[in-house]
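Colleague: Would you be able to build a 3D model of this:
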Amino acid sequence: MTYTPAGELVLIEDTKSTPSTSEAACLPADHSFGHCPENRSRTNAIYLIVGSRRQTDCIHYPAHALVTRKHGQTRSYLRMAPQNERPD
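Modeller: Just a heads-up that it's a prediction; the model follows:
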């Protein structure tokens, strides 16, 4: 969940952006799409990002063609082929 109490953020999700000004945006769990907040305004923004603290997780970084698997304190990393180079 992302909450923006002050300022103006845009939530970038893969190829689309969703305005997120002074509101909450919830992202579905277990979906492998990249997302990040971006301040496109000329003023500061305040935001809070709330996530889980699960002991096991799989985190996708599509912009970096990377998958991280978390098992407690242990992390493993897997480089993926960029999307435009993956076979259909």
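Colleague: domains of the protein?
Modeller: According to automatic domain parsing, the chain comprises the domains 1-51, 55-88.
Colleague: could you dump these to a markdown table with mean neighbour count and mean pLDDT?
Modeller: Every C-beta, even on glycine, is put in place using the N, C-alpha and C of the backbone. What follows is those, written out as a markdown table (neighbours: other C-beta atoms under 10 Å; pLDDT from 0 to 100):
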| stretch | mean neighbour count | mean pLDDT |
| --- | --- | --- |
| domain 1-51 | 13 | 75 |
| domain 55-88 | 11 | 80 |
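Colleague: Stretch 48-62 spans what distance, first to last residue?
Modeller: Terminal residues of stretch 48-62 lie 23 Å apart, using C-alpha to C-alpha, to the nearest Å.
Colleague: typo on my end, stretch 42-59
Modeller: 31 Å.
Colleague: now stretch 66-76
Modeller: 10 Å.
Colleague: same thing with stretch 65-75?
Modeller: Terminal-residue distance, stretch 65-75 (C-alpha to C-alpha): 16 Å.
Colleague: Report the contact partners of the spatially most central residue of the chain.
Modeller: Central residue of the chain (C-alpha atoms, centre = their mean): residue 35, 3.0 Å from the mean position. Contact analysis of residue 35 by C-beta atoms under 8 Å, 6 or more residues apart in numbering lists 11, 12, 13, 14, 27.
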